[in-house]
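In: Give me a model of this one.
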Amino acid sequence: MEKKKMNAVAAMALVLMIVLSTNMDMVGVAAQGLNCYDNCNTGCAGLPSKEYLKCDKKCHERCGDDDKIELNVG
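Out: As a prediction, this is how the structure comes out:
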């Protein structure tokens with residue numbers, strides 16, 4: 001009987017750890033999406049100047065020119 005209780009507690013602890021780690025990943029993703037232009041433009045870093053300008057222009061088209069924070073969590 002004790003072995004069954006230990007297995008049940010271990011299973012619940014494992015499920016709890018999985019749920020908590022999944023929740024942390026979602027918080028990280030939500031935080032990354034706060035500023036579309038900044039995130040996009042970061043991907044342009046280190047490119048040669050002509051390629052950087054093309055990349056930056058695509059970021060402006062994709063995210064808009066205003067630097068407002070968008071909460072697109074879903």
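In: which residues of this protein fall in helices?
Out: Using DSSP state H, the helices of the chain run over 2-32, 36-42, 49-63.
In: And the last one, what's buried?
Out: Of the residues in helix 49-63, those buried by neighbour count under the rule 16 or more other CB atoms under 10 Å are 59, 63. Any C-beta I mention is one placed from the backbone N, CA and C, and that applies to glycine too.
In: Other residues contacting it?
Out: 36, 37, 40, 41, 43, 44, 45, 47 (CB atoms under 8 Å, 6 or more residues apart in numbering).
In: Now list the buried members of those.
Out: Using 16+ other CB under 10 Å as the threshold, 36, 37, 40, 41, 44 are the buried ones among the contacts of helix 49-63.
In: quick revisit: pipe the contacts of helix 49-63 into a markdown table and attach pLDDT and distance to residue 10 per row.
Out: Formatted as a markdown table, those follow (pLDDT from 0 to 100; distance: CB to CB, whole Å):
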| residue | pLDDT | distance to residue 10 |
| --- | --- | --- |
| 36 | 84 | 43 |
| 37 | 85 | 46 |
| 40 | 89 | 44 |
| 41 | 88 | 46 |
| 43 | 90 | 42 |
| 44 | 92 | 48 |
| 45 | 90 | 46 |
| 47 | 92 | 50 |
